[in-house]
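**Q** Quick check, what structure comes out for this input:
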Amino acid sequence: MAGIEHLVTSGTFSLDGGTWDVDNNVWIVGSSDEVLIIDAAHDAEAIAEAVGDRRVVAIVCTHAHDDHVNQAPALADRFSAPILLNPAEAPLWELTWPDRKPDGELTDGQTLTAGGIELRALVTPGHSPGSTCLHVPELGTVFTGDTLFAGGPGATGRSYSSFDTIIDSIRSTLLPLPGDTEVRTGHGDGTTVGSEAPHLDEWIARGH
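**A** Residues are numbered from 1 along each chain as shown. Sure, this is the predicted structure:
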């Protein structure tokens, strides 16, 4: 059966000299035969156990902050699956994995298929230079990484981030999606596009 599976893993996020405890959402999308992993965070064993004996088509990184990619190489090696990442994320990726590169690029409009489910990459910079969401129209879902949360945009106070850019990305790329589209986030609870759309002006006022 095609669908979406959800794990929460715990660990740390480090950048700009600080380290914070975080819980991350890990998403597994596909069927009983093959899946795609979105954001391989913190606990390779738990993720591998959830995958089981299914084929892993790819390990997709919505962005390259260490809490979203720290288990990507281990799982890529375990399942002989490529790591996909937008090339603009290279400076952040290299902070965690200086001696290993992703296996392929994630570009705007690119489509990936796992278990008969088609996911379309939407590049939404701002939280980081190449942050990428994955839209699954047939399941009425968009995986937003740390670009859009319940209650507003992702953080933009650290290196390689821009508040103006993330607002532009949300306004032009995510809010035009159908209002009942489920937003499945990188951390915390989900929401819908329609729930967040009315608050754009509030976020802008708050951000500036």
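
**Q** pLDDT-wise, which helix or strand of the protein ranks last?
**A** Within the chain, no helix or strand scores below helix 200-207, which has a mean of 92 by mean pLDDT, DSSP states H and E.

**Q** Can you name the residues in contact with that one?
**A** Identification of contacts with helix 200-207 by CB atoms under 8 Å, 6 or more residues apart in numbering yields 152-153, 156, 163, 167, 170-171, 175. All C-beta atoms are positioned from the backbone trio N, CA, C, and that covers glycine.

**Q** quick one: which of these is most hemmed in?
**A** Within the contacts of helix 200-207, Pro153 tops the neighbour count with 26 neighbours, counted by other CB atoms under 10 Å.

**Q** separation between Ser195 and Ala205?
**A** Distance of Ser195 to Ala205, computed by CB to CB, to the nearest Å: 18 Å.

**Q** Tell me which of the two has more neighbours.
**A** Ser195 (14 against 8).

**Q** which residues touch whichever helix or strand the more buried one is part of?
**A** Here Ser195 is covered by helix 193-196, with elements defined by DSSP states H and E. Taking contacts as CB under 8 Å, 6+ apart, the residues outside helix 193-196 that touch it are 142, 148, 150-152, 170, 174-175, 177-181, 183.

**Q** do the same with stretch 74-94
**A** Residues contacting stretch 74-94 (CB under 8 Å, 6+ apart): 37, 40, 44, 47-48, 51, 55-61, 63-65, 69, 72-73, 101-107, 112, 121, 123, 125, 128-132, 160.

**Q** Give me the subset of these lying in helices.
**A** Members of the contacts of stretch 74-94 lying in helices (criterion: DSSP state H): 44, 47-48, 51, 69, 72-73.

**Q** List just the nearest of the residues you listed to Asp33.
**A** Val51 (11.5 Å; CB to CB).

**Q** circling back to that earlier point, reformat the contacts of helix 200-207 as a markdown table; add pLDDT, secondary structure and distance to Thr96.
**A** As requested, the contacts of helix 200-207 are exported to a markdown table (pLDDT from 0 to 100; DSSP: H, G, I helix; E, B strand; the rest coil; distance: CB to CB, whole Å):
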| residue | pLDDT | secondary structure | distance to Thr96 |
| --- | --- | --- | --- |
| Gly152 | 96 | strand | 26 |
| Pro153 | 98 | strand | 23 |
| Thr156 | 96 | coil | 20 |
| Phe163 | 97 | helix | 24 |
| Ile167 | 97 | helix | 27 |
| Ile170 | 98 | helix | 26 |
| Arg171 | 97 | helix | 30 |
| Leu175 | 97 | coil | 31 |
